[in-house]
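Participant: return atomic coordinates for the entry below.
(chains A and B)
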Amino acid sequence: MGRHVVLIEDEPNITEAIRFLLTRDGWQVDTHADGTDAVEVILNAAPDLVILDVMLPGKSGMEILKDLRAVAGMEHLPVLMLTARGQARDREMAEKAGVSRFMTKPFSNTEVLTAVRDLHAQAKQG
Amino acid sequence: MARDTLTGSRIRERRLIAGLRQADLARTVGISASYLNLIEHNRRNIGGKLLVDLADALSVEPSMLTEGAEAALISALKEAAAGNPGAGAEQDRADEFAGRFPGWAGVLAGAHQRVNSLEQLVQTLSDRLTHDPNLAASLHEILSTAAAIRSTAAILAEPGDLEPEWRDRFHKNLDQDAERLADGSKALAGFLDESASSPDRRLMPQEEAEAFFEAHGYHFPALETGKSQPQDLISAAPELASRESRVIALAVLEVYRADATAIPLKDLKAALKDGLDLGVLAARFNCDMARVLRRLAAVPEDVLGRPAGLVLCDASGTIGFRKPIAGFDLPRFGASCPLWPLYTALARPQVPLRRVVVQEGRSRAGFECLVYAWPLGSPGFDRDPVYRAVMLILPLQEIPEGALQVGANCRVCPVRDCMARREPSILKDGF
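Facilitator: I've put the predicted structure just below:
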């Protein structure tokens, strides 16, 4: 299993910071800022992990996650979801959609790195 | 490291800014490069002529090399480090960091302060969101900007060298995000102002009453002297637009007048010269503890010698009056932290209680809380008493060990594993 991440996030400076952190940690990072074709981008890239913002132009992160989970072989792909809304009902929605980990903004770099490493390790074991 | 021992760090910083090699500077001032190296690493104290010569060679005033970085900057750095315990920042070297890299230290401190102000905004708005979901989009924008600032600032604050290209790019990003944050905050403030002044979105009666008391600084000299009646003040108050808010404010002012009559300001000032002893005050003015607590919060700050906050609630826990105090967050909407001593008083009516608390949140602060619950009306065999409770909140300079850990309300409380938690927090890891 490799170390390839697709980051779907429309805030360029968040994208830049996360890309820097993960690249330094040995990850190959592909980025994409639009929700409309995000599922296709993920399927084409075939990453080991996806980081997905909730509020995206074109299509929400929740919809993208639901569509992704409906694709054969994508049921267990680790997905870390980022959102500015951290209320209980938002978490529940994300869990129902099949999220692997839910993280609220503003998160710390340590949180992101730890979550990515944990999800990757769990996927390798599973 | 003490601030006044960092002269060497500043010399090194200034030399690098001037583009001078260590050997060249050493030669200019007539010392060996190895000795200058010891000085620059703060292993030799210098002063007198050598200091003046070095300052001259570096084209700066000697005081630029000897004066420590701004205490406020160091304090902000330590606060930033304390707020990110997992980052392992070398807190004992904050002085050195500020001395060697004042510009970057300023960026980090500024970003931390911005995050703090954002957290405060989040707390206020998270309360309000329940009532006004249209704010969600604005909040998302601000939180996303805060996330970008937090991540970028953390990268810049990491020890070790960052490649110049990355450093410049992140610096530019910080600048962009700061501007975006300013714009977003202005837009949000404008939205709130517009919402508040819009005829179809009037303030709630409680908010109107609070605006009235805040405008008067919670103190009414005309009631103290008897020159005005509560109704006079209510009639002249533009803040009290609704009938409901006037009813609420009038009830509070009636109690205020009764308290002021029982405990005249002049006599209270004289009594406080002997120190703050609530039992003595209650006995001296022949009144119950609730009146003493309310009165202490209603007098000018110089009378008590320190600021005082006050919260009143009924037996349901609903807060009916609040006088805010810096550092102790009082949620405007929704239920507050059930661990507040205010609620403990309801379980032990007519027993004066003192609790030292620390309120967790964006600014961890300690307070002494004096609380008392009392029954309304006269006792009767065939009816249960209805209680009210009051909490006087006095700030402490330091947080004592063993202070009771409380929050503002669950949604914005960072405390994990709290047995009193009602709902998940929107904050993580202390935010």
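Participant: going forward, measure contacts and count neighbours with C-alpha atoms only.
Facilitator: Will do.
Participant: give me the contact list for whichever strand or helix holds A:Glu16.
Facilitator: In this structure, A:Glu16 is located in helix A:12-24 according to DSSP states H and E. Contact partners of helix A:12-24, identified using CA atoms under 8 Å, 6 or more residues apart in numbering or on different chains, comprise A:7, A:9, A:28-29, A:31, A:109, A:113, B:144, B:147-148, B:151-152, B:155, B:170, B:173, B:177.
Participant: show me just the buried residues among the residues you listed.
Facilitator: By neighbour count, with 16 or more other CA atoms under 10 Å in any protein chain shown, the contacts of helix A:12-24 hold A:7, A:9, A:28-29, A:31, A:109, B:144, B:147-148, B:151-152, B:155, B:170, B:173, B:177 as buried.
Participant: kindly indicate which of those lies nearest A:Ser100.
Facilitator: A:Leu7 (14.7 Å; CA to CA).
Participant: could you look up the SS state of that closest one?
Facilitator: Judged by DSSP: H, G, I helix; E, B strand; the rest coil, the three-state class of A:Leu7 is strand.
Participant: and the gap between it and chain B?
Facilitator: 15 Å (CA to the nearest CA, to the nearest Å).
Participant: quick check: bridge partners of that residue?
Facilitator: Here A:Leu7 shows beta-bridge partners A:Thr31, A:Ile51, assigned using DSSP bridges.
Participant: give me the pLDDT value at it.
Facilitator: A:Leu7 is assigned a predicted lDDT (pLDDT) of 97.
Participant: that one touches A:Thr31, doesn't it?
Facilitator: Yes - between A:Leu7 and A:Thr31 there is a contact under CA atoms under 8 Å: 4.7 Å.
Participant: next, please give the residue ranges for the helices of chain A.
Facilitator: A:12-24, A:38-45, A:61-69, A:88-97, A:109-125 (DSSP state H).
Participant: for those helices, which has the smallest mean pLDDT value?
Facilitator: With a mean of 82, helix A:88-97 has the lowest mean pLDDT of the helices of chain A.
Participant: quick one: check that one for contact with chain B.
Facilitator: Yes - using CA under 8 Å from any CA of the partner chain, we find that helix A:88-97 touches chain B at A:Ala88.
Participant: buried sites along that helix?
Facilitator: Buried residues in helix A:88-97 (16+ other CA under 10 Å): A:90-91, A:94, A:97.
Participant: list, one by one, the residues from chain B near chain A.
Facilitator: Residues of chain B found near chain A (CA under 8 Å from any CA) are B:86-87, B:139-140, B:143-144, B:146-148, B:150-152, B:154-155, B:170, B:173, B:177, B:423-428, B:431.
Participant: mark which of these are part of helices, please.
Facilitator: Using DSSP H, the residues of chain B next to chain A in helices are B:139-140, B:143-144, B:146-148, B:150-152, B:154-155, B:170, B:173, B:177.
Participant: do you know how far A:Phe107 is from B:Ala335?
Facilitator: Separation of A:Phe107 from B:Ala335 (CA to CA, to the nearest Å): 26 Å.
Participant: of those two, who's got more company?
Facilitator: Legend: neighbour count by other CA atoms under 10 Å in any protein chain shown for A:Phe107 and B:Ala335, higher for A:Phe107 (23 against 17).
Participant: picking up where we left off before, looking at the ones in helices among the residues of chain B next to chain A, which is nearest chain A?
Facilitator: Taking CA to the nearest CA as the measure, chain A sits nearest to B:Ala147 out of those, at 3.8 Å.
Participant: with adjacent residues omitted, what lies nearest to the closest one?
Facilitator: Closest residue in space to B:Ala147, ignoring its immediate chain neighbours: A:Pro106 at 3.8 Å, by CA to CA, 6 or more residues apart in numbering or on different chains.
Participant: out of the buried ones among the contacts of helix A:12-24, what pair is the most spread apart?
Facilitator: A:Gln28 and B:Asp177, at 25.8 Å, using CA to CA across the buried ones among the contacts of helix A:12-24.
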